[in-house]
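Enquirer: just a sequence and a predicted model for now, questions to come.
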Amino acid sequence: MKTFQKTQSILENLDSYRDKALFAFIKPYWPRKITPNHVTYIRVIISIVLIILLFFLGIDDKSLILTLFIIGLITDFVDGPIARGTGRVTELGAMLDSVSDRLLIIPIAVYSLLKYHKWLLLILILIEIINGLVSLYYKSKEVYLESSIFGKIKMAIMSVGLVAILFIWPDPLPLFFLDILWISIPFSLLSILLKVMGLKSNV
């Protein structure tokens, strides 16, 4: 357990450098009328547009889908630091961030994996469902737990893997890019574990 906690602490310290780098711009220059939730809403809108384009209109232009997805990922990269840098961290914002991440990732995963990699897709979606249910449960208990470093790493790994896959799609996917997605699974499970442990310690 001590080794686990030490590893978690090291990873959190490394992640803090992202905040420090972005704070140099955010604190003096970020327009206060644009809240972190506004940035998150952009990701939600992009996710809905991707779902409509891919599954309702059948538009799968690679450049368009990839551009929208990358813009969505950028909003995920900056909304947390904006919240912390402007002192606007809220429980609603954390919940929106988590939901919008899933809205962005899942349709792209379905689009790129459904045809040839159903088992990987099924496992990724099941883990996200479990993660979401755990989050809803501790929300119902009025327990606020911040996003864990393992959840952030999972999102980063999945993002890199899916961007790489979108560059190649619809050509056959090299195993390396699929392995990236498999690697994200242990981090997802660690994120769920931390939530369960946090719930037990707060209830």
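Expert: The structure has been received and is ready for your questions. Numbers count the residues shown, from 1 in each chain.

Enquirer: the nearest residue to residue 49 once chain neighbours are set aside and residue 191, how far apart?
Expert: With sequence-adjacent residues excluded and distances taken as Cβ to Cβ, 6 or more residues apart in numbering, residue 49 is closest to residue 68, at 6.4 Å. From N, CA and C alone the C-beta is placed, and that goes for glycine too. Remark: distance between residue 68 and residue 191 (Cβ to Cβ, to the nearest Å) = 26 Å.

Enquirer: between the two, point out the one with more neighbours.
Expert: Neighbour totals were compared for residue 68 and residue 191, and residue 191 leads with 22 against 18 (other Cβ atoms under 10 Å).

Enquirer: name the helices or strands packed onto the helix or strand hosting the more buried one?
Expert: With secondary structure defined by DSSP states H and E, residue 191 is part of helix 175-202. The helices and strands touching helix 175-202, judged by 3 or more Cβ pairs under 8 Å, 6 or more residues apart in numbering; DSSP states H and E, are helix 118-140, helix 149-168.

Enquirer: the last one to helix 175-202, inter-axis angle?
Expert: When you say that, I think you mean helix 149-168. If you take axes from the mean of the first three to the mean of the last three Cα atoms, to 10 degrees, helix 149-168 sits at 160 degrees to helix 175-202.

Enquirer: do the same with the first one
Expert: Here helix 118-140 runs at an angle of 20 degrees relative to helix 175-202 (the same axes, to 10 degrees).

Enquirer: helix 118-140 packs against which elements?
Expert: helix 91-113, helix 175-202.

Enquirer: now do the last one
Expert: Of the remaining helices and strands, those touching helix 149-168 by 3+ Cβ pairs under 8 Å, 6+ apart are helix 2-29, helix 62-85, helix 91-113, helix 175-202.

Enquirer: most packed of those helices?
Expert: Comparing the helices and strands packed on helix 149-168 by mean neighbour count (mean count of other Cβ atoms under 10 Å), helix 91-113 ranks first with a mean of 20.

Enquirer: between helix 175-202 and that helix, find me the angle.
Expert: Using the same axes, to 10 degrees, helix 91-113 lies at 150 degrees relative to helix 175-202.

Enquirer: put the alpha carbons of helix 91-113 into PDB.
Expert: Coordinates of the C-alpha atoms in helix 91-113 are reproduced here as PDB (Å, rounded to 0.1, in the frame of the first residue of the first chain):
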ATOM      1  CA  GLU A  91     -18.300  19.800  -7.600                       C
ATOM      2  CA  LEU A  92     -20.500  20.500 -10.600                       C
ATOM      3  CA  GLY A  93     -17.500  21.300 -12.700                       C
ATOM      4  CA  ALA A  94     -15.800  18.000 -11.700                       C
ATOM      5  CA  MET A  95     -18.900  16.100 -12.500                       C
ATOM      6  CA  LEU A  96     -19.300  17.800 -15.900                       C
ATOM      7  CA  ASP A  97     -15.700  17.100 -16.700                       C
ATOM      8  CA  SER A  98     -16.100  13.400 -16.000                       C
ATOM      9  CA  VAL A  99     -19.300  13.100 -18.000                       C
ATOM     10  CA  SER A 100     -18.000  15.100 -21.000                       C
ATOM     11  CA  ASP A 101     -14.800  12.900 -21.100                       C
ATOM     12  CA  ARG A 102     -17.000   9.900 -21.600                       C
ATOM     13  CA  LEU A 103     -19.200  11.600 -24.100                       C
ATOM     14  CA  LEU A 104     -16.100  12.500 -26.200                       C
ATOM     15  CA  ILE A 105     -14.200   9.200 -25.900                       C
ATOM     16  CA  ILE A 106     -17.000   6.600 -26.300                       C
ATOM     17  CA  PRO A 107     -18.300   7.600 -29.800                       C
ATOM     18  CA  ILE A 108     -14.800   7.700 -31.200                       C
ATOM     19  CA  ALA A 109     -14.000   4.300 -29.600                       C
ATOM     20  CA  VAL A 110     -17.200   2.800 -31.100                       C
ATOM     21  CA  TYR A 111     -16.500   4.400 -34.500                       C
ATOM     22  CA  SER A 112     -12.900   3.100 -34.700                       C
ATOM     23  CA  LEU A 113     -13.100  -0.300 -32.900                       C
END
